[in-house]
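A.B. asks: sequence? don't have it. structure:
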């Protein structure tokens, strides 16, 4: 009998095509909206993380625990002998040593403090987008050269080809060097253009007296930073006292704020699901009222009120399931198309870039995709089924067959 009720409920969907199409459209729309919403939100978070990783830091940084507590060049990595082992580690696509040092920069016209990054110019392109944003001149190649953010160069009042002096407190005492500006970075990202200064790694080592690096920058696939950093810390690859930190940990309090914001978005998703479920319930109620005479005839043929209520509930469940599947296909497909064409990237960069002045924001936007989105979208199906049982289903169970047959 249960199989017969299921078949009858399925057939009823296509006897009332207009009503079924309406319910399908509502549920599909809610599913698409939820998948788009989470894909956009998590994609935006990934754009933020990618921006900080590829412009200001790195997807993963290997640093000593002492340097994390006190970012002084003297707390550098004890050795770089493990670099070869890292190159063969699963998921690691690129490795570049860095030596960060505070310095006093002096031009003929201005003096200011800055954080300077010593890099290996041949390896830096593997982990950073900065070399791709040289608007004037070229990337550093040898010692005695420096590349500046274009706004930082303006503040120092120096131009391409001119020289600046930097003063550094090293392990051996005060050190200084005269460097020629060989390139200017124009990324349209304020913290980059105002704060970046790149010199040759060997120059940085000479100035600080450090023979290794303050950190190793690793490039990994976007979205895999946490997992690979966790694997590195568990494996016997890193020396004792050194750890791998994903970009989310390097950002510290910023990520905590993002996670808090994500939690505040959940009620919005539930409201969308509830709206769709209530629409399904309302339509089923109208259907029950319109089909009262039909139900009376069915009960007279041997179907009791409980079985009839199950049939109505199954109709609502089938409809929401079909709408859910269609919406999931369209939702993930839409996100994939928008990611492939990058239609949202320039818009988001122009709009949000004005407000997030302290962060790097890429102009390439990739919508996120996750099975958890299906779970959130499925709440529409669950709520619709529950409402169909409690309201239209209850009405059908209380139906008086003789009165129903006389209804018009």
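C.D. replies: Looks like it arrived, so ask away. All figures in this text were calculated on a predicted structure; none of them were measured in a lab.

A.B. asks: From here on, just use CA atoms for contacts and neighbour counts.
C.D. replies: Fine.

A.B. asks: where do the helices sit along the stretch 1-150 of the chain?
C.D. replies: Using DSSP state H, counting those that start in this stretch, the helices of the stretch 1-150 of the chain run over residues 2-15, 17-51, 65-69, 83-87, 150-156.

A.B. asks: For the first one, give me every contacting residue.
C.D. replies: Think helix 2-15. Here helix 2-15 makes contact (C-alpha atoms under 8 Å, 6 or more residues apart in numbering) with 20, 307, 310, 311, 312, 314, 315, 318, 319.

A.B. asks: Next one, pLDDT for the last one please.
C.D. replies: What that stands for is residue 319. pLDDT, residue 319: 83.

A.B. asks: Not counting its neighbours along the chain, what's nearest it?
C.D. replies: Nearest in space to residue 319, with sequence neighbours left out and distances taken as C-alpha to C-alpha, 6 or more residues apart in numbering, is residue 24 at 6.0 Å.

A.B. asks: before we move on, what about the first one?
C.D. replies: Using C-alpha to C-alpha, 6+ apart and skipping the chain neighbours, the partner closest in space to residue 20 is residue 13 (5.9 Å).

A.B. asks: What number of residues are in the vicinity of the one you found?
C.D. replies: A count of neighbours around residue 13, defined by other C-alpha atoms under 10 Å, yields 18.

A.B. asks: Now residue 243: which helix or strand?
C.D. replies: Assigned by DSSP states H and E, residue 243 belongs to strand 242-246.

A.B. asks: tell me what that strand is packed against?
C.D. replies: strand 60-64, helix 225-234 (3 or more C-alpha pairs under 8 Å, 6 or more residues apart in numbering; DSSP states H and E).

A.B. asks: okay, the ones you listed, which one's buried deepest?
C.D. replies: Compared across the helices and strands packed on strand 242-246, strand 60-64 shows the largest average neighbour count, a mean of 25 (mean count of other C-alpha atoms under 10 Å).

A.B. asks: The helices and strands packed on strand 242-246: which one's closest to residue 276?
C.D. replies: The minimum distance between residue 276 and the helices and strands packed on strand 242-246 falls on helix 225-234, with 35.6 Å, by C-alpha to C-alpha.

A.B. asks: farthest-separated two in the contacts of helix 2-15?
C.D. replies: Taking C-alpha to C-alpha, the two most distant members of those are 20 and 307; they sit 20.9 Å apart.

A.B. asks: more crowded one of those two?
C.D. replies: residue 20 (24 against 18).
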